[in-house]
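In: Provided below are the primary sequence and the corresponding predicted coordinates.
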Amino acid sequence: MNVINLLKGPINGPYIYFIFTGNFVYIGETQRHPVIRWGAHLTAGGTLWKKLQENSKYIEDKTSINENFTFISVNCNSLFQKYVGPSRIVSQALEHNLHCVLKSNPSLFGWDKVILSNTDKTAPMKFNNWQYIEKVSIEIVEKVIEAIN
């Protein structure tokens, strides 16, 4: 049992994060430290909380979440240093591509996971370096797999 969890990183991102619980994964991006977003996700009105209620048959009490969670974050500052433009667009492109990669190959994590999040409204329309983002996405997935195993 882990009783100590270490969370490191600067307050300002950008970050990509993953939240695992049961058979679900939630992927997001934030410009601030992920703990700020994670707390919001787990409130009664939070995006993750709502998605779990909609999709989870195994949560008996739909008014509270009392599940085990694994939180993983990736600080993207060093990944995005070559970009002069807004980092939010780049992190949104990365978030979107991670969704695409994992939806096209759902067994990458070694078991089937239902992706609760989506990027329908946040995927950038004007972004032209998808080759770089695809490469970074695969690297991140590999590191996340390493961390959860």
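Out: It's in.
In: how about the strands in the chain?
Out: Applying DSSP state E to the chain gives strands spanning 12-21, 24-32, 70-75, 114-115.
In: And the third one, what's buried?
Out: Put plainly, it is strand 70-75. Residues 71, 72, 73, 74, 75 are the ones in strand 70-75 that count as buried (16 or more other Cβ atoms under 10 Å). C-beta: built from backbone N, CA, C; applies to glycine.
In: Run through the bridge partners of the second one.
Out: This points to residue 72. residue 18 (DSSP bridges).
In: Next, the contact list for it, please.
Out: Residue 72 makes contact with 17, 18, 19, 20, 144, 147, 148 under the criterion Cβ atoms under 8 Å, 6 or more residues apart in numbering.
In: returning to that earlier point: Throw the strands of the chain into JSON lines and include distance to residue 4 and mean pLDDT, thanks.
Out: Below are the strands of the chain laid out as JSON lines (distance: least, Cβ to Cβ, whole Å; pLDDT from 0 to 100):
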{"stretch": "strand 12-21", "distance to residue 4": "19", "mean pLDDT": "91"}
{"stretch": "strand 24-32", "distance to residue 4": "24", "mean pLDDT": "93"}
{"stretch": "strand 70-75", "distance to residue 4": "14", "mean pLDDT": "92"}
{"stretch": "strand 114-115", "distance to residue 4": "29", "mean pLDDT": "86"}
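In: Can you say which of those is nearest to residue 106?
Out: strand 114-115 (7.8 Å; Cβ to Cβ).
In: Now do the same for residue 91: its pLDDT.
Out: For residue 91, the pLDDT comes out at 93.
In: Wait, it touches residue 77, no?
Out: No - look at residue 91 against residue 77 with Cβ atoms under 8 Å: they stay out of range, at 10.3 Å.
In: can you tell me which of the strands of the chain comes nearest to residue 132?
Out: Closest among the strands of the chain, once you apply Cβ to Cβ, is strand 12-21, at 14.4 Å.
In: So which residues make contact with the closest one?
Out: Contacts to strand 12-21, defined as Cβ under 8 Å, 6+ apart, come from residues 9, 25-34, 37-38, 41, 48, 52, 65, 67-77, 80, 87-88, 90-91, 94-95, 98, 113, 140, 144, 148.
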